[in-house]
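# Starting from these lines, generate the structure:
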Amino acid sequence: MTDGELPIVERVAPDDEQPEPGRRRFARIRAAVGRIPRPSFHTRRGRFIALILVAGFGSALTVAGVTAVSWTETADFCGRCHTMDPELKAYAMSAHREVPCAECHVEPGAVGWVKAKINGTRQLIGVLTGTFPTPIPAPDHADLPPTSATCIRCHDPKTLVANGGPVKLVIQEKFREDEPNTKDTIALVLRPAGFGTPSLARGVHWHIDSEVDYIAADTRAQTIDYVAIKEAGGEAEEFIASSQVTTASDVQPDIERLSAGGDLRRMDCIDCHNRAGHGVPTPDQAIDDSLSNGTISDDLPYVKREGVDRLTADYASVEDADRAIAGLRTFYAARYPLVNRLQGQKVDAAITKLQAIYRLVATPDMKVTGTTYPNNLGHQSAPGCFRCHDGAHYKVVDGALTKETIPSACATCHTFPQIGATESGVLIGQRPASHDDRLWVFSHKSSVNALDPAGTTCGACHTRTYCESCHDTAAVKVKHQDMMFNHAAVIAETGYQACAYCHQPAYCAQCHADPVLPDPFPHPAPSPSASTSTSPTPSVPP
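Numbers count the residues shown, from 1 in each chain. Presented below is the predicted three-dimensional model:
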């Protein structure tokens, strides 16, 4: 202050006039922003700087958006919801675990992307409101992208069908549920008769090389009632399940009824490979693998049987399952005290492994077990191939049923399984003319005088284990000549398992309204929305 100037007195506002802390903070921020130099947009330099700022902000926003969208199509994002826990575990065990979820579940293009986001929003609302189903149903194949936009992008169908398709040797070790956990080795070759002769070879991928249409009673296509086949240059053929036939001499009304009640679908990759990205081993398969690699010791009596029983039971929580599996100690302490005392570490290791397997195959919170989602690839844990190849789908000619069925013999898709304690020879070659006789399986005993084919012409193709595949079972004890009029007594003598060795429940259902053979593929019943048939017991050809 200089001479002659009045002193500046700063007025201090009373406490009730002081600005609020939030307003003071905002004022400081505004003052700080005001001190930032801002070029004038009326100059060339200012407009250039503004353009750089807008472009940079837009680019950052675009990159962030693309990254976020890409993340929503990954397993990491899809697995954030606990409802997807079973699918995520199965995905991690599948051969497609490196493939993003959207590659199979989202149709390419903007329309597919929008449909997927709408569906995802609907699912999110279900999770937030707690209205999601348990278990989560498998998607209807009609809601998935066509296989031409998914599977065929990586898998060339030409290599799968050329000359009957590739030959694949399958060797599996299976353990019985008896006291010593007897190990059997099963060997077979995937592909039917006609090896080396392209004109005769028809591999399993023939189904996608021809026009095969079908009508199913449920969205999962676990029950197939009608099949129409049209091969290149050939005539169309129709087959209908015997359970859907009212009158064998005129099945056209039944076909029309099925057509009106269900959609005609074209068979493609996912009709068989329906769990390609989410395959879960059954408890039986998982225990066989563990016994084979030694993580569960086959020295423990009945460990296969006890493990399967405990893994397939219904539990309210993982903790309940752990307690039930830990009960294996009590079992051995009571039944095999010496085993429990001398091999206690093996018992503990088996319990630990079984508890780990349970966490992989089951999710009690979502009511998911190892059999919740049937796998149609093969026919060991679910009907799979037997949905059509069950011996009970009859050919229709001129509106009437014939005696011809969709082939259901063991050699339809693969060689006859070789079953034994060790690996045996697998048959690859032409069938002799004598084997074309439909009754050869019964009449070959007149040409063979020993169980061991060594030293005979049979030995050129067969090994002893091939013969034992049947002769070690009760199947050879069945008196087939008495089956037509006295089969109840024959079954009582040899047991259901002897019949189930060759026949499927659908075979008996041609005449019996009630189940005769035990269901080899137990799984949850279809939802009430699935269509059911109330047609009377059919009249089928003898």
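
# what helix or strand does the spatially closest residue to Gly459 that is not a sequence neighbour sit in?
Distance criterion Cβ to Cβ, 6 or more residues apart in numbering; nearest residue to Gly459, sequence neighbours excluded, is Pro453 at 4.2 Å. For every residue, glycine as well, the C-beta is placed using N, CA and C. Assessed by DSSP states H and E, Pro453 sits outside every helix and strand.

# Report the separation between Pro453 and Ser249.
Pro453 sits 46 Å away from Ser249, going by Cβ to Cβ, to the nearest Å.

# Compare the two and say which is more crowded by neighbours.
The neighbour comparison of Pro453 against Ser249 (other Cβ atoms under 10 Å) goes to Pro453, with 17 against 9.

# Quick one: residues contacting that one.
For Pro453, the contacting residues are 459, 462-464, 466-467, by Cβ atoms under 8 Å, 6 or more residues apart in numbering.

# Please repeat the previous calculation with a cut-off of 10 Å.
Shown in contact with Pro453 (Cβ atoms under 10 Å, 6 or more residues apart in numbering): 459-464, 466-467.

# how many neighbours does the residue lying closest to Val106 once chain neighbours are set aside have?
Nearest residue to Val106, sequence neighbours excluded (Cβ to Cβ, 6+ apart): Ala116, at 4.3 Å. Neighbourhood size, Ala116 [other Cβ under 10 Å]: 18.

# ok so, going back, for Ser443, state which of the contacts of Pro453 is nearest.
Nearest to Ser443 among those: Cys467, at 15.2 Å, using Cβ to Cβ.

# Over to Glu173. Which of the three states is it?
Following DSSP: H, G, I helix; E, B strand; the rest coil, Glu173 is assigned to strand.

# Which strand residues bridge it?
Using DSSP bridges, the bridge partners assigned to Glu173 are Thr185.

# Which pLDDT value goes with it?
We have a pLDDT of 89 for Glu173.

# I'd say it and Gly294 touch.
No - shown here, Glu173 and Gly294 do not form a contact pair, counting by Cβ atoms under 10 Å, at 11.6 Å.

# out of these two, which sits in the busier spot?
Between Glu173 and Gly294, counted using other Cβ under 10 Å, Glu173 has the larger neighbour count: 14 against 9.

# check contacts around the more buried one.
Contact partners of Glu173, counting by Cβ under 10 Å, 6+ apart, are 183-186, 288-289, 291-293, 423.

# Now stretch 109-129 - C-alpha only, CSV.
The C-alpha trace of stretch 109-129 is given here as CSV (Å, rounded to 0.1, in the frame of the first residue of the first chain):
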residue,chain,number,x,y,z
GLY,A,109,-22.7,-60.6,-38.4
ALA,A,110,-24.5,-57.7,-36.8
VAL,A,111,-27.9,-59.5,-36.7
GLY,A,112,-26.4,-62.5,-34.8
TRP,A,113,-24.6,-60.1,-32.4
VAL,A,114,-27.8,-58.2,-31.6
LYS,A,115,-29.7,-61.5,-31.1
ALA,A,116,-27.0,-62.7,-28.7
LYS,A,117,-27.0,-59.5,-26.7
ILE,A,118,-30.8,-59.5,-26.4
ASN,A,119,-30.7,-63.2,-25.2
GLY,A,120,-27.9,-62.3,-22.8
THR,A,121,-29.9,-59.4,-21.4
ARG,A,122,-32.8,-61.8,-20.9
GLN,A,123,-30.6,-64.2,-19.0
LEU,A,124,-29.1,-61.4,-16.9
ILE,A,125,-32.6,-60.4,-15.8
GLY,A,126,-33.3,-64.0,-14.9
VAL,A,127,-30.2,-64.1,-12.7
LEU,A,128,-30.9,-60.8,-11.0
THR,A,129,-34.5,-61.7,-10.3
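
# what is the rounded mean pLDDT of stretch 503-517?
Across stretch 503-517, the average pLDDT comes to 75.

# start to end distance for that stretch?
One end of stretch 503-517 to the other measures 9 Å (Cα to Cα, to the nearest Å).

# What of stretch 258-268?
The straight-line separation of the ends of stretch 258-268 (Cα to Cα) is 20 Å.

# how about the host helix or strand of Val490: buried residues?
Assigned by DSSP H and E, Val490 belongs to helix 483-494. The neighbour-count check on helix 483-494 (16 or more other Cβ atoms under 10 Å) flags 487, 490-491, 494 as buried.

# For Thr134, grab the count of nearby residues.
By other Cβ under 10 Å, the residues close to Thr134 number 12.

# What's the per-residue pLDDT of it here?
Looking at Thr134, its pLDDT reads 87.

# again with the one 5 residues further on
As summarised for this prediction, Pro139 has a pLDDT of 82.

# gap between it and Cys101?
Counting by Cβ to Cβ, the gap from Pro139 to Cys101 is 12 Å.

# got it, and Ala492?
Separation of Ala492 from Cys101 (Cβ to Cβ): 52 Å.

# With Ala149 instead?
15 Å.

# the more surrounded of those two?
Cys101 (22 against 16).

# wait, the more buried one sits on Tyr91?
Yes - counting by Cβ under 10 Å, Tyr91 is a contact partner of Cys101 at 7.7 Å.

# if we can go back for a sec, just the buried ones out of the contacts of Glu173, please.
Buried members of the contacts of Glu173, counted by 16+ other Cβ under 10 Å: 183-186, 288, 291-292.

# Could you list the low-confidence segments of the stretch 101-250 of the chain?
191-201, 232-233 (pLDDT under 70).

# again, 80 this time
For the stretch 101-250 of the chain, the stretches with pLDDT under 80 are 109-110, 112-113, 116-117, 120, 123-124, 142, 162-167, 191-203, 231-235.

# Helices of the stretch 301-450 of the chain, start to end?
Along the stretch 301-450 of the chain, counting by DSSP state H, counting those that start in this stretch, helices occupy 303-312, 318-326, 328-335, 337-342, 344-361, 440-443.

# Lowest average confidence across those, which one?
Looking at those, the weakest mean confidence is helix 440-443, a mean of 80.

# Dump the C-alpha coordinates for the next helix or strand after it into CSV.
Remark: after helix 440-443, the chain's next helix or strand is helix 464-471, criterion DSSP H and E. Provided in CSV are the C-alpha atoms of helix 464-471 (Å, rounded to 0.1, in the frame of the first residue of the first chain):
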residue,chain,number,x,y,z
ARG,A,464,-9.6,-116.0,-28.7
THR,A,465,-10.6,-112.7,-27.0
TYR,A,466,-13.0,-112.1,-29.9
CYS,A,467,-14.9,-115.3,-29.2
GLU,A,468,-14.8,-114.6,-25.4
SER,A,469,-16.6,-111.3,-26.0
CYS,A,470,-19.8,-113.4,-26.2
HIS,A,471,-18.8,-116.8,-24.7
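
# Buried residues of helix 464-471, list them for me.
If you call a residue buried by 16+ other Cβ under 10 Å, then helix 464-471 has these buried ones: 464-469.
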